[in-house]
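A.B. asks: here is my input, please return the structure:
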Amino acid sequence: MTTIASTEAAVSASVRGVPTQVQRTLRTLRRGTGDPTYRVEYGPDDGPVNAVWRTSLTPEGPATLRIRVGRASDDEVEIDAWGEGAHWLVKQAPAMLGAEDDDTGFAELAAAHPVLAEAYRTRSRVRLVRTGQVVQALIPAILEQKVTTISAYGAWRALVRKYGTPAPGPASMPRGLYVMPEPHVWVLIPSWEWRRAEVDGKRAEAVIRACRRAPALERLAHVGVDEAAVKLQTLPGIGPWTAAETLQRSHGAADLVSVGDLHLPRIICGILGEPGDRSYDDEKMLRLLEPFAPHRQRAVRLLLQKR
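C.D. replies: Next comes the predicted model:
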């Protein structure tokens, strides 16, 4: 249940029935600790998390979202948003927090493997996000293609800070928050700025192509995961890995695994495989994950958080 109230300062909501492990649920949206679109606000002396802040370029304009675990109830989350897209973002926030995520049947599947069973026992209130924003998930996924995580996060950080806009919000919000550039701004970034951010021409061209198709791509938020994956991959430079990384965030794709990842097969095969067997590849990873369908990505997410 969501109750929304509007004030001059913010659009606010109280949402019940969402997971209390807010930071773990939302962590997949953060691109590194210095992500200018995401901040975690801790209590005194690095105490428990007070709030998670995230900026978005919504269909109605830029907005900043603050998410706090409710003080009145364990299953309540308090939401405030600022900016032109505040109403849109508040309405989407429950889905982003995993309120629409259905893990029915997963507990029984997870019980088949002791590591996954334990991960689910301790992380059962972690949910898969559904932001409803395809382009905001797609651009950083493209930047992460075939490079180190550090390099990709650095490129995202540099380009958002240089070409994005300062985030709307109260004076008390964390400093340095930015809203990602609008699609037409990405298209106009000069070639030397891409190089300065250590983004090669192939990835830059893929981002530009995607941004030129931004309205059509955003409409994919309203179609199923399988259809969206097929249509995303009709764009040159968008393969199965990039489509999966995008739809895991925009659609909450519970069964779409990131095939083609440099490290994921080694990690998953190491956890789910036979003791002492150090072989790994995509084929083996998918075979080991098959018993957990239609929750294969959910299993991956929990196993990665267990590490």
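A.B. asks: how about the helices in the stretch 151-300 of the chain?
C.D. replies: 183-187, 191-196, 201-212, 214-219, 225-232, 240-250, 264-272, 282-289, 296-306 (DSSP state H, counting those that start in this stretch).
A.B. asks: most packed of those helices?
C.D. replies: helix 240-250 (a mean of 24; mean count of other Cβ atoms under 10 Å). Heads up, the C-betas are built off the backbone N, CA and C, glycines and all.
A.B. asks: circling back to that earlier point, dump the helices of the stretch 151-300 of the chain into a markdown table; add mean pLDDT as well.
C.D. replies: Converted to a markdown table, these look like this (pLDDT from 0 to 100):
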| stretch | mean pLDDT |
| --- | --- |
| helix 183-187 | 98 |
| helix 191-196 | 98 |
| helix 201-212 | 98 |
| helix 214-219 | 98 |
| helix 225-232 | 98 |
| helix 240-250 | 98 |
| helix 264-272 | 96 |
| helix 282-289 | 98 |
| helix 296-306 | 92 |
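A.B. asks: distance to Thr33 for those helices - can I get that in JSON lines?
C.D. replies: Listed next are the helices of the stretch 151-300 of the chain as JSON lines, based on distance: least, Cβ to Cβ, whole Å:
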{"stretch": "helix 183-187", "distance to Thr33": "23"}
{"stretch": "helix 191-196", "distance to Thr33": "22"}
{"stretch": "helix 201-212", "distance to Thr33": "22"}
{"stretch": "helix 214-219", "distance to Thr33": "28"}
{"stretch": "helix 225-232", "distance to Thr33": "28"}
{"stretch": "helix 240-250", "distance to Thr33": "18"}
{"stretch": "helix 264-272", "distance to Thr33": "21"}
{"stretch": "helix 282-289", "distance to Thr33": "27"}
{"stretch": "helix 296-306", "distance to Thr33": "17"}
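A.B. asks: between these, which one is nearest to Met96?
C.D. replies: helix 240-250 (9.2 Å; Cβ to Cβ).
A.B. asks: what's next to the closest one, contact-wise?
C.D. replies: Counting contacts by Cβ atoms under 8 Å, 6 or more residues apart in numbering, the residues outside helix 240-250 that touch it are 28-29, 128-134, 136-138, 141-142, 144-145, 220-221, 225, 228-229, 232-233, 253, 256-261, 297.
A.B. asks: hmm, back to that, of all the helices of the stretch 151-300 of the chain, which one is nearest Arg123?
C.D. replies: Per Cβ to Cβ, nearest to Arg123 of the helices of the stretch 151-300 of the chain: helix 296-306, 5.4 Å.
A.B. asks: returning to that earlier point: so which of the helices of the stretch 151-300 of the chain gets nearest Glu60?
C.D. replies: Comparing the helices of the stretch 151-300 of the chain by Cβ to Cβ, helix 214-219 comes nearest, at 12.2 Å.
A.B. asks: which elements pack onto that closest one?
C.D. replies: Counting contacts by 3 or more Cβ pairs under 8 Å, 6 or more residues apart in numbering; DSSP states H and E, helix 214-219 is packed against helix 134-143.
A.B. asks: surely Asp282 touches Leu262?
C.D. replies: No - here Asp282 does not reach Leu262: they are 10.9 Å apart, not a contact under Cβ atoms under 8 Å.
A.B. asks: got any ranges where this structure has weak pLDDT?
C.D. replies: For the chain, the stretches with pLDDT under 70 are 1-9, 44-47, 70-74, 306-307.
A.B. asks: so where do the strands sit in it?
C.D. replies: 2-6, 11-16, 38-42, 49-58, 61-69, 76-82, 165-166, 178-179 (DSSP state E).
A.B. asks: buried residues, the fourth one. List them.
C.D. replies: Applying a neighbour-count criterion of 16 or more other Cβ atoms under 10 Å, one finds 49, 51-58 buried in strand 49-58.
A.B. asks: same question for stretch 172-188.
C.D. replies: 173, 177-183, 186.
A.B. asks: could you pull up the contacting residues of Lys162?
C.D. replies: Glu193.
A.B. asks: 10 Å - rerun?
C.D. replies: 178, 181, 189, 193, 196-197 (Cβ atoms under 10 Å, 6 or more residues apart in numbering).
A.B. asks: of those, which pair is most distant in space?
C.D. replies: Tyr178 and Arg196 (17.5 Å).
A.B. asks: next up, phi/psi of the spatially most distant residue from the centre of the chain, please.
C.D. replies: Using Cα atoms, centre = their mean, the residue of the chain lying farthest from its centre is Gly276. It sits 33.4 Å away. The phi/psi pair for Gly276 (degrees, to the nearest 10) reads phi 90, psi -10.
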